[in-house]
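**Student:** structure for this input, please:
(4 chains)
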There are 2 protein chains.
Amino acid sequence: MTARTSPESARDIPEATVARLPVYLRALVTLSESGTVTCSSEELAVAAGVNSAKLRKDLSYLGSYGTRGVGYDVDYLRYQIAREIGVTQDWPVVIVGIGNLGQALANYSGFRSRGFRVVALLDANPERHDEVVAGLDVRPFDHLEQIARDHAVAIGVIATPAVAAQDVADRMVACGITSILNFAPTVLNVPDQVDVRKVDLSIELQILAYHEQRKTHGAAT
Amino acid sequence: MTARTSPESARDIPEATVARLPVYLRALVTLSESGTVTCSSEELAVAAGVNSAKLRKDLSYLGSYGTRGVGYDVDYLRYQIAREIGVTQDWPVVIVGIGNLGQALANYSGFRSRGFRVVALLDANPERHDEVVAGLDVRPFDHLEQIARDHAVAIGVIATPAVAAQDVADRMVACGITSILNFAPTVLNVPDQVDVRKVDLSIELQILAYHEQRKTHGAAT
DNA sequence: TCGGTTTTGTTCTCGCGTTCACAAACTCCT
DNA sequence: AGGAGTTTGTGAACGCGAGAACAAAACCGA
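**Tutor:** As a prediction, this is how the structure comes out:
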């Protein structure tokens, strides 16, 4: 194909590439903050922990933002990736379930610094409604619909116990939320147009345990 | 091949399958607790949120634990998967970085209930060394080596800020830890024999944002 | 201006993972 | 006992992603 880098035409980026773009973005931010103006695909690949050929192929899905013989302009590429991901705009987020994990998420600075704004913390437990976490009141779960409408919330985070997660997801979907980040250890059933990403701490540990068991060759003591 | 289900011979299980075994295990636990004695691959697949053919192929890597025309014995299969993963034994774990997230992890009951035992909480900040979190003293990071040796720790969890993560990982590796679960938003460099799994909250949100942006078709706001 | 050097963008190949489809094997009912 | 019905285990086809390899395109120095 020609090297036409039509800004909006980057349709159908492979899922595996999408998952790596945020990694590249973070590496570029680090490079930019260290004063680096230009970088090669090899340098960026090392910083992102991937193969340089894979990096170049990933970036080629966005367009031809590099210069042969030179490399990539750090700030320019950073902006292009940020725009492609969508973090140049502001994404309102609600967090449901303000237990240990929910509080940690509410306090996590990495969200706000990357275009995500926590607009509300919700919990079904009335005893938590007094608390203030990360500068926000913990509000009743029933307020979800009003909050979602007022702030045009598209992304919801579930940090409840497993038994409550499906109900919360159903309510979120009913409120027009179409992207869910689920920390509850359960499988969520949602309509096709709703995206769900799952983060399960104990599953990650179990995967490590499997490999660990293999390393020690069954000689577990 | 014959249906020989030699218990120890299940070499080289595909990585994608390994990542799903914990999901099956949890579904089986739920089924077992609800009194289900036997289940078909279709039932279990629904409970785990996967295709039934994929489930059967995954299970076939472990051996032939089902009965044609009948299905799987829930408790038997549950035990076989647990044994394969390695969660029938006890895995001592250290958590480094007792900020918001580290505290949430320390309090997470899903670890202990699945064979993981948090043996120590470490933090480099002396101001935290007074605190007691989840019934454990927060101890100086320098104690890592002694703790790792005394408890034969093979798995470490990093919940520090990004800047400290590589140093922590290096120290862990030096102490003989060979599996690391990393919550810090940074790329870790470790020797080949060390397994690292990464959980990055803001990356997950960014992936959701990308798809969300596509749904609303650029008509943000 | 022109060859040499560097680095990107892309093509090609290979391997893994997913899914379909079906034979084998087991149960149940008559 | 035997046939009908069920469900597992697996062979085969297909599609996606990773990585090697190379041509195209830019810069540099004389």
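**Student:** please parse chain A into its domains.
**Tutor:** Per the record, chain A has its domains at A:15-85, A:91-203, by automatic domain parsing.
**Student:** end to end, how far does the longest one reach?
**Tutor:** Distance across domain A:91-203, first residue to last, is 28 Å (CA to CA, to the nearest Å).
**Student:** same check on the shortest one?
**Tutor:** Between the start and the finish of domain A:15-85 there is a gap of 12 Å, counting by CA to CA.
**Student:** averaged pLDDT, it. What do you get?
**Tutor:** Domain A:15-85 comes out with an average pLDDT of 97.
**Student:** the longest one too?
**Tutor:** With pLDDT averaged residue by residue, domain A:91-203 scores 97.
**Student:** that domain close to chain B?
**Tutor:** Yes. Applying CB under 8 Å from any CB of the partner chain, one finds domain A:91-203 touching chain B at A:91, A:93, A:99-101, A:103-105, A:107-108, A:110-111, A:114-116, A:152, A:154-155, A:178-181, A:185, A:187, A:189, A:193, A:195, A:197, A:199-203. To be clear about C-beta, it is placed using only N, CA and C from the backbone, and glycine gets the same treatment.
**Student:** so which of the residues you listed belong to helices?
**Tutor:** Within the residues of domain A:91-203 next to chain B, membership in helices is found for A:100-101, A:103-105, A:107, A:110-111, A:201-203, as judged by DSSP state H.
**Student:** check whether the host helix or strand of A:I207 contacts DNA strand C.
**Tutor:** Per DSSP states H and E: A:I207 is located in helix A:201-215. No. Interface with DNA strand C: helix A:201-215 contributes nothing (CB under 7 Å from any atom of the strand), its closest point being 12.4 Å away.
**Student:** next, the buried residues of that helix.
**Tutor:** Buried positions in helix A:201-215, judged by neighbour count with 16 or more other CB atoms under 10 Å in any protein chain shown: A:201-213.
**Student:** and what of stretch A:34-46?
**Tutor:** Buried residues in stretch A:34-46, counted by 16+ other CB under 10 Å: A:38-41, A:43-46.
**Student:** straight-line length of it, end to end?
**Tutor:** Across stretch A:34-46, the straight-line distance between its terminal residues is 16 Å, by CA to CA.
**Student:** close to DNA strand D, is that stretch?
**Tutor:** No. Counting by CB under 7 Å from any atom of the strand, DNA strand D has no neighbours in stretch A:34-46; the shortest distance is 9.6 Å.
**Student:** circling back: got the domains of chain A as CSV, with distance to B:E145 columns?
**Tutor:** Output for the domains of chain A, formatted as CSV (distance: least, CB to CB, whole Å):
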stretch, distance to B:E145
domain A:15-85, 27
domain A:91-203, 25
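**Student:** can you name the residue of chain A nearest to DNA strand D?
**Tutor:** When you check chain A against DNA strand D by CB to the nearest atom of the strand, the closest residue turns out to be A:G69, at 2.8 Å.
**Student:** what is the burial count for that residue?
**Tutor:** One way to gauge burial is a neighbour count; for A:G69, by other CB atoms under 10 Å in any protein chain shown, it gives 6.
**Student:** which element is it on?
**Tutor:** Short version: A:G69 belongs to no helix or strand, going by DSSP H and E.
**Student:** which stretches of chain A form strands?
**Tutor:** Taking DSSP state E to define them, one finds strands in chain A at A:38-39, A:66-67, A:71-73, A:91-96, A:116-123, A:132-133, A:136-140, A:155-158, A:179-182, A:195-198.
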